[in-house]
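**Student:** Sequence isn't available, so here's the structure alone:
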């Protein structure tokens, strides 16, 4: 995709305003930071509305703004699977994890896993998994910022990656979690306004009667899409395990994503954690249906206007549509909204990476160091991490959504499984968690290295038994349907075969659920682990079936 060929002054001005306001918010928020708890979890003082809006900006990264639109253009069935799984994941997060994690009163995912299972070694392993997940997620979102700058200025994506990365690093370093939270709230408001209004104008130009409310316009366009592209709603012929893998990766991945979980440690209590998730789910659904309308509009525009846009340019489709059908004023808003979307997610990731390195790693290795020194080191760590991530992202992934899907899979197998079992099954112990985390993470990471980095065809990678079944569209995602079930199976089986956790560790489960007494039989039945093992084995076996039914 070629750049616009000239500097888009209005878009540049609005983007600079968003960047400057973000830095000013952090400078203002810095006055609230007095202690290590203030820096990492905003003194656990954030309300449900503020936290819910901040969560929205984490969920609606440039992956939504750009990458999901591209996927919708390619094929609606896979896009529906991603969207539905992502929405279900938030409901799962609210039911299975949010209030219980808040009652645990940890700072980070890594601290929760270490304290719940009584193991410093698990803390170190969790930090490593967190860094892998965060870097992958960051690379995708920094590329998104690069795409915006490329389209805006006609300069290489590397400029946007460096500028956007440095701005986020600056305001995260300055403001800590207070700065990140208020920035994410501001950026969510910008994103909602700057996405929905330009898309509404695009829908009006294409003749959608429900244009004034994009989700309504999305439904209104279905008959037009069927008429213009009769095959668009045909089922995508892929093995059902592809959809199962997307669901597993989204459902347990969002619970495992450390920058999401960290938001629950910032709220006042478990009730605020639950209601902030409710608000987040509502707004995420609103924006995702707007994104669907954008994808539909793109398909309809190309088919009815005779416009041929190469698939490599689908990541730019929001900007192409808005400029062609709404005008440069609306394009400027879309650009500003996309910059806000990219900044907010990157900020959350940098925050958890800095917290993991100082609070969870350095703090355990040097327990004698006081909080005041850790706070000073945290500022330095945030700055260093930001610069290192920018350097890593100079070679970004080709497609944003692919990197994000890998990060979800790794987070699910490496962090989501021990979190869920740690909340709902007392018998889970450090030996089982170590086995599940390590194997699940290594399988997911191995798949990413061989398929994305080395560039091998999924069916050709050295993967005993299962490699021949990684065929078809999105065949790589089936790796998730191996890694997550194996993580569950190993965690459960090894926990069963080794000594149970001590009474104090099991007491945490009762406390997380709000019980004042301790009952050894509570959350300790054999039914849950048996169901988990049976379902996990079924998923892996199912992958090896129906080989001759679906195209290779």
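**Tutor:** Happy to help now that I have it. Just so you know, these numbers come straight off a predicted model, no measurement behind them. Numbers count the residues shown, from 1 in each chain.
**Student:** State the number of residues packed around residue 455.
**Tutor:** 7 (other C-beta atoms under 10 Å). Where C-beta positions appear, they are placed from N, C-alpha and C, glycine not excepted.
**Student:** go on, residue 377?
**Tutor:** So residue 377, with other C-beta under 10 Å, has 18 neighbours.
**Student:** how close does it sit to residue 125?
**Tutor:** Look at residue 377 and residue 125: by C-beta to C-beta, to the nearest Å, they are 22 Å apart.
**Student:** can you check residue 172 too?
**Tutor:** The gap separating residue 172 from residue 125 is 25 Å, by C-beta to C-beta.
**Student:** Those two: who's more crowded?
**Tutor:** Between residue 172 and residue 125, residue 172 has the larger neighbour count (other C-beta under 10 Å), namely 29 against 22.
**Student:** wait, isn't residue 209 in contact with residue 219?
**Tutor:** No: in this structure, residue 209 is not within contact of residue 219 by C-beta atoms under 8 Å, at 10.3 Å.
**Student:** Looking only at neighbour counts, state which of the two leads.
**Tutor:** residue 219 (15 against 11).
**Student:** chain center to stretch 73-90: distance?
**Tutor:** Its chain's average C-alpha position is 14 Å from that of stretch 73-90, according to C-alpha atoms, centre = their mean, to the nearest Å.
**Student:** just stretch 494-510 next, same as before
**Tutor:** 30 Å.
**Student:** Now do the end-to-end distance for it.
**Tutor:** With C-alpha to C-alpha, to the nearest Å as the measure, stretch 494-510 spans 22 Å from end to end.
**Student:** quick thing: my sequence starts at 399, can you match it?
**Tutor:** Let's use 399 as the start, then, which means that last one is stretch 892-908.
**Student:** Any stretches of the stretch 499-648 of the chain with poor pLDDT?
**Tutor:** The model of the stretch 499-648 of the chain has pLDDT under 70 over residues 538, 549-553, 569, 634.
**Student:** And the helices in it?
**Tutor:** Ranges of helices within the stretch 499-648 of the chain are 507-515, 518-551, 555-604, 612-618, 620-626, 638-654, based on DSSP state H, counting those that start in this stretch.
**Student:** orientation of the second one relative to helix 638-654 in degrees?
**Tutor:** Meaning helix 518-551. Between helix 518-551 and helix 638-654, the angle comes out at 100 degrees (axes from the mean of the first three to the mean of the last three C-alpha atoms, to 10 degrees).
**Student:** Also the third one?
**Tutor:** Counting by the same axes, to 10 degrees, helix 555-604 points 110 degrees away from the direction of helix 638-654.
**Student:** Which one of the helices of the stretch 499-648 of the chain lies nearest to residue 441?
**Tutor:** Nearest to residue 441, of all these, is helix 555-604, at 7.9 Å by C-beta to C-beta.
**Student:** Residue 562 is in contact with residue 740, isn't it?
**Tutor:** Yes: under the criterion of C-beta under 8 Å, residue 562 makes contact with residue 740 at 6.0 Å.
**Student:** Quick check on those two: which one has the bigger neighbour count.
**Tutor:** Remark: of residue 562 and residue 740, residue 740 carries more neighbours, 31 against 26, as counted by other C-beta under 10 Å.
**Student:** That one: what's its closest spatial neighbour, skipping adjacent residues?
**Tutor:** Closest residue to residue 740 apart from its sequence neighbours, by C-beta to C-beta, 6 or more residues apart in numbering: residue 543 at 4.1 Å.
**Student:** wait, what's in contact with the one you found?
**Tutor:** 460, 558, 559, 561, 562, 563, 737, 740, 741, 744 (C-beta atoms under 8 Å, 6 or more residues apart in numbering).
**Student:** Summarise which helices and strands the strand or helix carrying the last one is packed against.
**Tutor:** To tie it back to what came earlier, the one meant is residue 744. Using DSSP states H and E, the element containing residue 744 is helix 726-753. Contacts defined by 3 or more C-beta pairs under 8 Å, 6 or more residues apart in numbering; DSSP states H and E place helix 726-753 against helix 407-427, helix 446-457, helix 460, helix 518-551, helix 555-604, helix 656-662, helix 715-723, helix 769-790.
**Student:** now for the second one, which elements pack on it?
**Tutor:** Spelled out, it's helix 446-457. helix 555-604, helix 656-662, helix 668-703, helix 726-753.
**Student:** I'd like to know which elements the shortest one is packed against.
**Tutor:** Under the contact definition 3+ C-beta pairs under 8 Å, 6+ apart, helix 656-662 sits against helix 446-457, helix 496-502, helix 507-515, helix 518-551, helix 726-753.
**Student:** Looking at those helices, which is nearest to residue 478?
**Tutor:** helix 446-457 (17.5 Å).
**Student:** what's the neighbour count on the spatially closest residue to residue 777 that is not a sequence neighbour?
**Tutor:** Once flanking residues are discounted, residue 777 sits nearest to residue 571: 5.6 Å by C-beta to C-beta, 6+ apart. Close neighbours of residue 571, defined as other C-beta under 10 Å, add up to 23.
**Student:** any idea how far residue 862 is from residue 571?
**Tutor:** Distance from residue 571 to residue 862, counting by C-beta to C-beta: 45 Å.
**Student:** how distant is stretch 856-863 from the center of its chain?
**Tutor:** Computed by C-alpha atoms, centre = their mean, the separation of stretch 856-863 from the middle of its chain amounts to 27 Å.
**Student:** quick one: least confident helix or strand in the protein?
**Tutor:** Scoring the helices and strands of the chain by mean pLDDT, DSSP states H and E places helix 460 at the bottom, with a mean of 68.
**Student:** So what does residue 665 look like in phi/psi?
**Tutor:** Torsion angles at residue 665 (phi, psi; degrees, to the nearest 10) stand at phi -80, psi 170.
**Student:** Now for it: which residues touch it?
**Tutor:** 442, 444, 445, 446, 449, 500, 671, 674.
**Student:** That one bridge partners, please.
**Tutor:** As for beta bridges, residue 665 partners with residue 444 under DSSP bridges.
**Student:** Could you measure from it over to residue 441?
**Tutor:** Distance, residue 665 to residue 441, by C-beta to C-beta: 11 Å.
**Student:** With residue 705 instead?
**Tutor:** For residue 705, the distance to residue 441 - C-beta to C-beta - is 52 Å.
**Student:** Please identify which of the two sits among more neighbours.
**Tutor:** Relative neighbour count places residue 441 above the other of residue 705 and residue 441, with 17 against 11, counting by other C-beta under 10 Å.
**Student:** My guess is residue 916 contacts residue 908. True?
**Tutor:** Yes: at 5.1 Å, residue 916 counts as touching residue 908 under the criterion of C-beta under 8 Å.
**Student:** How about residue 707: what's its closest non-neighbour residue?
**Tutor:** Nearest to residue 707 is residue 700, by C-beta to C-beta, 6+ apart, at 6.0 Å.
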